[in-house]
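# Here's my sequence, what's the structure:
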Amino acid sequence: MIGTTSISVTGMKRHWFWPAAFAVAAINAFTIVIDGWQAPQLKEFGVIFDFAVLIPLLYFFCYRKLGKQTLVRTIAFACLGFWVAGKIVPDTHHLLIDQLAWVRYLGLAVLVLIEIRIATEIWRLAFCSRSEDASEAIKLKAEQEGMPPWVAKLMAAEAKFWKKLLQAVRSIFDCSR
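Sure thing, here's the model as predicted:
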């Protein structure tokens with residue numbers, strides 16, 4: 001029993017973001033349920049701030065030692081926070097959300113550009129490498145970019161599939177035989 005307590009305390013010290021984010025969301029829900037939408041501009045600002053600024057910053061400060069993948073996930077949390085705020089705040093009270101919608105789309109554009117860069121690098125590893133099996137290099141690159149190991153394995157398997165398919169198509173249409 002003592003061993004599990006120390007493990008959970010250590011885990012809480014490293015992963016304090018999740019209970020903190022849950023507490024912020026619960027406080028927002030409690031405030032809205034108790035008070036309703038009295039002073040809607042103030043509540044809208046509070047929901048936007050908490051979900052699009054505070055929760056992403058809490059994530060960033062909790063996991064900042066992980067490097068650039070933390071920054072990418074922080075941007076993703078901010079975009080998700082804007083979306084959640086748009087769902088929580090009733091449509092009749094969308095004043096700031098409508099004015100700040102461009103920020104969410106800017107964040108999504110940055111995330112798409114990052115994903116395109118990663119996909120391009122993995123594509124190069126898969127199709128431009130001289131070695132027969134580039135799956136280890138693809139796994140390593142995907143894990144360096146902060147992808148979970150199962151996603152890295154899936155990307156490596158997909159790249160291997162497309163490379164073999166391309167080679168099969170080339171061999172069918174090879175006229176030099």
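
# mind checking how far D98 is from Y63?
Using Cβ to Cβ, to the nearest Å, we find D98 at a distance of 31 Å from Y63. Yep, even glycine has a C-beta here, placed from its N, CA and C like the rest.

# Kindly report the same for A126.
29 Å.

# out of those two, which sits in the more crowded spot?
Neighbour totals were compared for A126 and Y63, and A126 leads with 21 against 17 (other Cβ atoms under 10 Å).

# Provide a list of residues in contact with the more buried one.
134, 138, 159-160, 162-163 (Cβ atoms under 8 Å, 6 or more residues apart in numbering).

# Going by secondary structure, it is in what exactly?
Using DSSP states H and E, the element containing A126 is helix 101-127.

# Tell me which helix or strand comes right after that helix.
Next helix or strand after helix 101-127 toward the C-terminus (DSSP H and E): helix 135-144.

# what's that following helix packed up against?
helix 101-127, helix 149-172 (3 or more Cβ pairs under 8 Å, 6 or more residues apart in numbering; DSSP states H and E).

# could you check the angle helix 101-127 makes with the last one?
When axes from the mean of the first three to the mean of the last three Cα atoms, to 10 degrees is applied, the directions of helix 149-172 and helix 101-127 differ by 60 degrees.
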